[in-house]
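Q: Let's see this in three dimensions:
(2 chains)
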Amino acid sequence: MMAFAKTQDKVLGEVLYTGKHPTGVEVFVLPKKGYRQTDAMFVTRYGSIDSEFEVTGGGRVIKIPDGTAHFLEHKMFEEPDGNVFDKFSVLGANANAYTGFGLTSYLFSATSNFTESLGVLLRFVQNPYFTAENVAKEQGIIAQEIRMYEDNPQARVFYNLLGCLYHNCPVKKDIAGTVESISQIDEHVLYDAYNTFYHPSNMFLFVAGDIQPEQVAKCMDDSLRDIPPLPGGIRRIFGEEPDAIVSDYAEQKLSVSLPLFMLGFKDTDMQPKGVDMLKKSIETEILLEMMFGKGSALYAALYEQGLINDTFETDYTCHERYAFSTLEGESKDPAKVRAMVAQALAHTGFCEAEFTRAKNVIWGRCIRAFNSTGDIAHRFVSWYASGVNYLDFYNAYAKVSLEDVVRRFSKHFNDRNMALSVILPMD
Amino acid sequence: MHYIEDTKFKTNTISFVIHRPLSREHAAKNALLPMILKRGSALYPTLSDIELRLQELYGAVFEADVTKKGEDQLLSFSIQTIQDCYTPDRSEVLPLAVGLMLSVIFDPLCENGVFKADYVASEKRNLADMMGALINDKRKYASLRCISEMCKDEPFGVHEYGDPESLDKIDEKNLYAHYKTVLSASRLDIFLCGSADVSKIAAQLQAGIPAAFFADAAIPQGEICRHAGQVSYVTEALDVGQAKLALGLRTNTPPAGDEYFHLAVANSVLGSGVHSKLFNNVREKLGLAYYASSILIRNKALMIISMGIEQDNYQKALDETLFQLEKLKGGEVSGNEFESAKVFLTGLARAANDDQYALTDFHLSALVCGWQGGIEQHAERISRTTLQQAVAAAKKIELDTVYLLKGRDHK
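A: Numbering: from 1, shown residues only, chains lettered A, B, ... in the order given. Prediction:
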């Protein structure tokens, strides 16, 4: 039986078991006593941005069409003996999968039959079944998904913003690809991507719920297959991304009632994977709360002038290859919002009291995430892909000072890095 | 007050829910009340004042909104705080949060004895924008339009935001008068979920809510079951690439009897979950849609089926959907479909134990429909359902309205 290391976080009151299965799959178990639901996520470090790669030590460079990672995720659910969803359904487990920019996650949540469901999860992700016929059928379904997002103002305002911020980084492309690009996908493309990125050494498993690590270990022993190691590491090929943005404005017309806007700041202060990235992220969240949160002078001014409403929110996305802050909402006059934000940036000063309050808010947010097995799973997984154990949150959080935040502000929030994306109503 | 004790959570959540009968005349006024109250109170007169207080309470999450369950329009206020043991100084957070909430609901900021005029004006604009923004999500919008067509002669056809015409007539005076009526003559339910010193909170509420308020203990009861007449077909055009199809059906099954659980199983077999007939036929077999599903509106005895399709496939998708419904009514249900539907629904019910908002909503829903039971009894009723019972419930379903949202320049 594989061994687990136990770490305890006294501040959060949580325990995490960490191990590595002989096949190479890393595993994390977070027991949550009293919870009815258990969440499991089986994750490959492979997402929409990984469209050119090679296996070092003898592999060839492979370039795959946009949307392959997402297409592959859909196709994993089909097996020679039918649909994987059916196997979860009879066990009462709710299965799903997400393709992100840098990760593909297969997950389920279950209130009963946990170990049986975990077995199904581990086995189906190791069992690709791609044929010319089943690929062709999926093209129709995914084309409908793409069409749905083409009409979706939130999706458009977001991708149009990324198009403004990034020259070459593939984060700017729709995760699902285009109807055109997915038409180039066939079963060979899928196997090329699968054999590289779904290798156990590129995958990890996270489980949160009222469960013990030994149960998970046994299930892994029963369900994971030994696969010969890759001849070398996976090398992902990306074009150089300059610091400058492409354009500071984009607009599109869709059938919406009121303009939607997303104002973005490209982060050029890039950090390698690790806990410094988490600290940077906490600093940025504190800044977003101080400058644009509901308690800020700017928020009050924008709201009172009717330039934003309750839909306004801020976010920070952080990865080793791309990172950006966003402010989004509905506004009758997005250009005015931009102007007021720019003006506020030019006149910002930070005080200790504001900083402490904003830091409190970030702490409350972290505590709340640990209320839900699903939320913990998502947070842990996305941070682990960046080389961070999310249970280190408090350590990173406690170190953040007002000086750090001021320094971070000067590096990130300036109008050279800022772009505005707007969705306008049809004429 | 309903105390839902559960020590596993790291937070406490307290919710105030005020019940009002849904009507075209008053819906917009009711919808505006939570919005105006959360703009400022006598003690915390601006948004920033409220927010600074929330920040001090470790980013407590305060929400005020309006929903409907059947023809009961619900004005809800909730606040979620972290447990005291997670604060650096072990401070008592919940009583302070309750204090903020009492101040916001019962002691609003007034000018000349009525709501502050510019707050009312700006929140009216925001509500108008929210009404307009319903069109942004085409999937939800098609279902909403289907419901408003199907129930155009019933209060349920009114959206919980109300309509622009009645919003126009609101001013700070008539809104304030309405507020006074709501306080004096409504039912209020308070839910506290987590682990707290209940007697202390109860005493604080007792002292903070005037005894004359909330004299009415009744939950508004509207008409629930109604038969469908001739099927109506409604088509509208918007600038969209993907067409949306929404079907409105009458289930003729009341929400509190055992038959409701039979219907829930039948609905899941048809279109709720990846085991369902719609998912496996409309999507997986025919590849007509990315999503194709059915939901129940328990307190109005409705079922809504929705899907996003290529417009040219409209007839094909409609025929296939109705064909699958007929198969369900004819008892053509596989063992797999039936068992999967039941474990799906019991799992869903039990998962509500792990989320304070879901737990609160479960108890609120049970209260509104008059069903006396907890999550386990709910799950057990589902498990006990036989195929014959599910099919019997399905047979009572009648198609009422077919709504199609199509692209504008389509030939």
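Q: Up against chain B, what does the stretch 151-300 of chain A have?
A: Those residues of the stretch 151-300 of chain A that sit near chain B, judged by C-beta under 8 Å from any C-beta of the partner chain, are A:151-154, A:254-258, A:260, A:289, A:293-297, A:299-300. The way it works is simple: take the backbone N, C-alpha and C, and place the C-beta from them, glycine included.
Q: Okay, and residue A:358 sits in which element?
A: helix A:352-369 (DSSP states H and E).
Q: and that helix, what does it pack onto?
A: Applying 3 or more C-beta pairs under 8 Å, 6 or more residues apart in numbering or on different chains; DSSP states H and E, we find helix A:352-369 packed against helix A:275-292, helix A:373-384, helix A:393-399, helix A:402-412, helix B:47-56, strand B:72-82.
Q: before we move on, the earlier item: inside strands: which ones of the residues of the stretch 151-300 of chain A next to chain B?
A: Using DSSP state E, the members of those that fall in strands are A:254, A:260.
Q: Can you tell me which of the residues of the stretch 151-300 of chain A next to chain B are buried?
A: Buried members of those, counted by 16 or more other C-beta atoms under 10 Å in any protein chain shown: A:151-153, A:254-258, A:260, A:289, A:293-296, A:299-300.
Q: Which one of these is nearest to residue A:31?
A: In terms of C-beta to C-beta, no member of those lies closer to residue A:31 than residue A:289, at 31.5 Å.
Q: what's the nearest residue to that closest one if we skip its chain neighbours?
A: Nearest non-adjacent residue to residue A:289, counting by C-beta to C-beta, 6 or more residues apart in numbering or on different chains: residue A:358, 4.0 Å away.
Q: if I pick that neighbour, what's in contact with it?
A: Shown in contact with residue A:358 (C-beta atoms under 8 Å, 6 or more residues apart in numbering or on different chains): A:286, A:287, A:289, A:290, A:293, B:55.
Q: Now for the buried ones among the residues of the stretch 151-300 of chain A next to chain B: which two are most distant?
A: Farthest pair in these, by C-beta to C-beta: A:151 and A:295, 35.4 Å.
Q: Near chain A, which residues of the stretch 101-250 of chain B are found?
A: Contact residues (C-beta under 8 Å from any C-beta) of the stretch 101-250 of chain B with chain A: B:122, B:125-126, B:129-130, B:132-139, B:238-242.
Q: of the residues you listed, buried ones?
A: For those, buried by 16+ other C-beta under 10 Å: B:122, B:126, B:129-130, B:132-133, B:135-139, B:238, B:240-242.
Q: now, which of those sits nearest chain A?
A: Distances from chain A to these, taken as C-beta to the nearest C-beta, are shortest for residue B:132 (3.2 Å).
Q: Show the model's pLDDT score for that closest one.
A: On the pLDDT scale, residue B:132 is placed at 93.
Q: Contacts only, for it.
A: Listed by C-beta under 8 Å, 6+ apart, the contact partners of residue B:132 are A:257, A:258.
Q: That one and residue B:364, how far apart?
A: Using C-beta to C-beta, to the nearest Å, residue B:132 is found at 28 Å from residue B:364.
Q: cool, and residue B:390?
A: Distance, residue B:390 to residue B:364, by C-beta to C-beta: 26 Å.
Q: And these two? Which one has more around it.
A: Per other C-beta atoms under 10 Å in any protein chain shown, whichever of residue B:390 and residue B:364 has more neighbours is residue B:390, with 26 against 21.
Q: The more buried one contacts residue B:266, doesn't it?
A: Yes - applying C-beta atoms under 8 Å, one finds residue B:390 in contact with residue B:266, separated by 4.3 Å.
Q: For chain A, what is the nearest residue in the stretch 201-350 of chain B?
A: Closest contact between the stretch 201-350 of chain B and chain A, by C-beta to the nearest C-beta, is at residue B:343 (3.0 Å).
Q: could you point out where the chain is predicted with low confidence?
A: Looking at chain A here, since you left the chain open. The model of chain A has no residue with pLDDT under 70.
Q: my bad, the chain I had in mind was chain B
A: Using pLDDT under 70, the flagged stretches of chain B are B:409-411.
Q: okay, now the domains of it?
A: What automatic domain parsing lists as the domains of chain B is B:2-208, B:232-407.
Q: so which of the ones you listed comes closest to residue A:234?
A: Between residue A:234 and the domains of chain B, the tightest spacing by C-beta to C-beta is seen for domain B:232-407, at 30.6 Å.
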